[in-house]
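Student: Compute the structure for the input listed below.
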Amino acid sequence: MSVEHSLLGKDTNYPTEYQPDILFPISRATAREKYAHVEGIQQGKDWWHVFEISWLNAAGIPQVAIGRMALPASSPNLIESKSLKLYFNSMNFTQFDSKEAFIATAEKDLSAAAGAPVTLTLFQADDLDISKPEGICIDDLSPERLENHPDASLLKLDAENSEAVEVQLYSHLLRSNCPVTGQPDWGTVFIRYQGKKPCYRSILAYIISYRQHNGFHEQCVEQMFADIWQNLEPEKLMVYATYTRRGGLDINPCRVSDATWMPRPIRLARQ
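Tutor: Predicted coordinates for the structure are as follows:
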């Protein structure tokens, strides 16, 4: 379905009755056309943290939790974020016999929308730990050239060192825009890389070049993955972005060329 037909950016009423049909799938295929051949573009997960989960137990007493959803990158569809928010809010006044019954219902509905198995893990309200980023922060480097839209030509290998490396870099300077509302999206991006040493300054310049780009979180990460893979030709690659929360949700897409490089999902302080 086309995002123009979704509820994103439109005034809506919050449902007070369970409404699974409000979930709005968006096909991944169109955005992937130009890099569908890139190894790993459909390997990974989209992790979501859902901070507005509530339902009624068998006695009618409200329950609350934080959810972590996992959508496989191989799913034909992603799920539009506003519809997801409205879906979970539609369950606020619905009774379930147990937490497990709530999870089973949500997983069934989410999997139907994504077109692939989606898992949901619930945490108590104070049990989702905050992690510290691991790797080398590149935010204090000085790029040679800055652009305001994604420019793969910024990506360079290290001209002074052609040795192979395995390194994890990260930057807190990722910014892009929602393609429908134009609202800014902020995030931290992790790049784990094995191959000829990249120029770290060029990678920072490339990340910064997303500052005025309009794209969904998942699409931005896949474009980053494809551009690095095609321009720097690493042996292995992981790109994992942890976006900040908006509307009670944060989205964390991860793509890997090698399944053994799948990281564990984390939550950072800004989320």
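Student: Leu23 against Asn77, yeah?
Tutor: No - look at Leu23 against Asn77 with Cβ atoms under 8 Å: they stay out of range, at 9.7 Å. To be clear about C-beta, it is placed using only N, CA and C from the backbone, and glycine gets the same treatment.
Student: other SSEs contacting the worst-scoring helix or strand of the chain on mean pLDDT?
Tutor: Ranked by mean pLDDT, DSSP states H and E, the helix or strand of the chain with the weakest confidence is helix 29-32, at a mean of 91. The contact analysis (3 or more Cβ pairs under 8 Å, 6 or more residues apart in numbering; DSSP states H and E) places helix 29-32 against helix 217-232.
Student: looking just at contacts, which helices and strands does the helix it packs on meet?
Tutor: Helices and strands touching helix 217-232, by 3+ Cβ pairs under 8 Å, 6+ apart, are helix 29-32, strand 164-177, strand 184-196, helix 200-208, strand 236-243, strand 249-256.
Student: For beta bridges, what are the partners of Ser54?
Tutor: Val64 (DSSP bridges).
Student: count of neighbours near it?
Tutor: Other residues within reach of Ser54 by the criterion other Cβ atoms under 10 Å amount to 15.
Student: Using the record's assignment, carve the protein into domains.
Tutor: Per the record, the chain has its domains at 3-123, 136-258, by automatic domain parsing.
Student: shaky segments in the stretch 101-250 of the chain?
Tutor: Low-confidence segments of the stretch 101-250 of the chain, defined by pLDDT under 70, are absent.
Student: thinking again about what came up before, can you say which of the helices and strands packed on helix 217-232 is nearest to Ser83?
Tutor: Ser83 sits nearest to strand 249-256 of all those, at 10.9 Å, using Cβ to Cβ.
Student: ok, for Asp151, nearest residue in space, not its chain neighbours?
Tutor: Across the structure, with Cβ to Cβ, 6 or more residues apart in numbering as the measure, the residue nearest Asp151 apart from its sequence neighbours is Ser209 (5.0 Å).
Student: picking up where we left off before, residues shared between the contacts of Leu23 and Asn77?
Tutor: Residues within reach of Leu23 and of Asn77 at once, by Cβ atoms under 8 Å, 6 or more residues apart in numbering, are Ala113.
Student: Please look at Ile208 and Leu146 and confirm they touch.
Tutor: Yes - when contacts are counted by Cβ under 8 Å, Ile208 is listed as touching Leu146 (6.0 Å).
Student: So if I had to pick from those two, which one is more boxed in?
Tutor: When neighbours are counted by other Cβ under 10 Å, Ile208 and Leu146 differ, and Ile208 comes out ahead with 20 against 13.
Student: Make a markdown table out of the helices and strands packed on helix 217-232 and add distance to Gln43.
Tutor: Conversion of those to a markdown table gives the following (distance: least, Cβ to Cβ, whole Å):
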| stretch | distance to Gln43 |
| --- | --- |
| helix 29-32 | 12 |
| strand 164-177 | 18 |
| strand 184-196 | 14 |
| helix 200-208 | 21 |
| strand 236-243 | 10 |
| strand 249-256 | 6 |
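Student: out of these, which comes closest to Asp139?
Tutor: Shortest distance between Asp139 and those, using Cβ to Cβ, is found for strand 164-177: 5.4 Å.
Student: what's the spacing between the closest one and its chain's center?
Tutor: The chain centre lies 14 Å from the centre of strand 164-177; the measure is Cα atoms, centre = their mean, to the nearest Å.
Student: who touches that strand?
Tutor: The contact list for strand 164-177, computed with Cβ under 8 Å, 6+ apart, reads 133-139, 183-197, 200, 203-204, 207-208, 210-215, 217, 220, 235-236, 241, 243, 270.
Student: got it, and stretch 118-132?
Tutor: Counting by Cβ under 8 Å, 6+ apart, the neighbours of stretch 118-132 from elsewhere in the structure are 49, 53, 64-72, 75, 99, 102-103, 106-107, 110-111, 266-269, 271.
Student: This completes my enquiry, with thanks.
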